[in-house]
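Asker: dropping a prediction and its sequence here:
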Amino acid sequence: MDAQPVSLRYPPNWIAVKRPIAHKEFSNALDRVHAHFAHQQSEKGQRPAHLFRSLIGRSPAMQHIRREIEQVGPTDATVLILGESGTGKEVVARNLHYHSKRRGKAFVPVNCGAIPRDLLESELFGHEKGAFTGALTAREGRFALAAGGTLFLDEIGEMPMDMQVKLLRVLEERTFERVGGSKTIKADVRIVAATNCNLEQMVADGTFREDLFYRLEVFPINLPPLRERIEDLPMLIAQLNDRMEYEKHFS
């Protein structure tokens, strides 16, 4: 049977899957839906009443994930979220922020693999006017924007080695300087990092710093792929349909 596209009728209308549905494709579509709604609520200055709806499922694995979030969420502990693409790492990070004492402040996501390596330092720490060609004005970085809140470092395994050293220093000293600046700024943020890479293997290969790995892995959360919790699939489909209906009537 030929694969047929199945477009979602309601926003976000850019998400589509094909029949017959592959588990990986469906998982990726769900992840994009979760990110879409989280972004919408963030832009509107709203927080969902029960973010755990995005972590729906009765499987033992998902029950364990929810217990872990309830356990570590209220603390300031650094969390490392591990899982394949499409397993909902940012959803977990937002749940951690929502269940923390920092939830009234900003949740600031950074995709470390999507920012050019020569711009990553400025993106994270900010820069002073004239710090480099094109720096016409001073600019705050993500650490400053996340002050009092949570900084989510996604795809941390893609961070270049030279930036790993600088991030390690911030984690150790809880201070940083803007590029081209000398003023020490306090880093009052909670760090939540995520990756789909095997960081332990990267440490063994010499492509990820061992000291940074242990600084990040204070509390690891391992997310199972959908293929390992098939019993959750009916609930996920029902939730997806409910969310689309809600968006249709209340957007």
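Answerer: Here it is on my side, so go on.

Asker: where does this structure dip in pLDDT?
Answerer: For the chain, the stretches with pLDDT under 70 are 1-54, 250-251.

Asker: just the strands in it please.
Answerer: Listed in chain order, the strands of the chain (DSSP state E) span 4-7, 16-19, 79-82, 107-111, 126-127, 139-140, 150-154, 175-176, 185-186, 190-195, 219-222.

Asker: highest mean neighbour count out of those?
Answerer: By mean neighbour count, with neighbours taken as mean count of other C-beta atoms under 10 Å, strand 190-195 ranks first of the strands of the chain at a mean of 26. Quick note: C-beta positions are derived from backbone N, CA and C, even for glycine.

Asker: from the chain's centre, how far out does it sit?
Answerer: Its chain's average C-alpha position is 7 Å from that of strand 190-195, according to C-alpha atoms, centre = their mean, to the nearest Å.

Asker: stretch 103-123 too?
Answerer: 10 Å.

Asker: which residues touch that stretch?
Answerer: 42, 47, 90, 93-94, 97, 124, 131-132, 135, 139, 141-142, 145-160, 163, 166, 179 (C-beta atoms under 8 Å, 6 or more residues apart in numbering).

Asker: hmm, A61 is touching I230, no?
Answerer: No - between A61 and I230 there is no contact under C-beta atoms under 8 Å: 11.0 Å.

Asker: going through the contacts of stretch 103-123, which ones are buried?
Answerer: With neighbours counted by 16 or more other C-beta atoms under 10 Å, those contain buried members at 90, 93-94, 97, 124, 131, 139, 141-142, 146-147, 149-159, 163, 166, 179.

Asker: so which of those belong to helices?
Answerer: The helices, defined by DSSP state H, take in E90, A93, R94, H97, L124, R142, M163, K166 from those.

Asker: with the residues you listed in mind, which one is nearest to T184?
Answerer: K166 (13.8 Å; C-beta to C-beta).

Asker: can you tell me the closest non-neighbouring residue to the closest one?
Answerer: Excluding its sequence neighbours, the residue lying closest to K166 (C-beta to C-beta, 6 or more residues apart in numbering) is E121, at 6.5 Å.

Asker: ok, now how distant is that neighbour from D154?
Answerer: For E121, the distance to D154 equals 17 Å [C-beta to C-beta, to the nearest Å].

Asker: before we move on, back to that, out of A61 and I230, which sits in the more crowded spot?
Answerer: A61 (15 against 10; other C-beta atoms under 10 Å).

Asker: hmm, back to that, could you measure from the residue nearest to K166 over to A187?
Answerer: Distance of E121 to A187, computed by C-beta to C-beta: 14 Å.

Asker: check E140 too.
Answerer: 13 Å.

Asker: likewise F208?
Answerer: 21 Å.

Asker: just Q201 next, same as before
Answerer: Noted for Q201: a distance of 29 Å to A187, by C-beta to C-beta.
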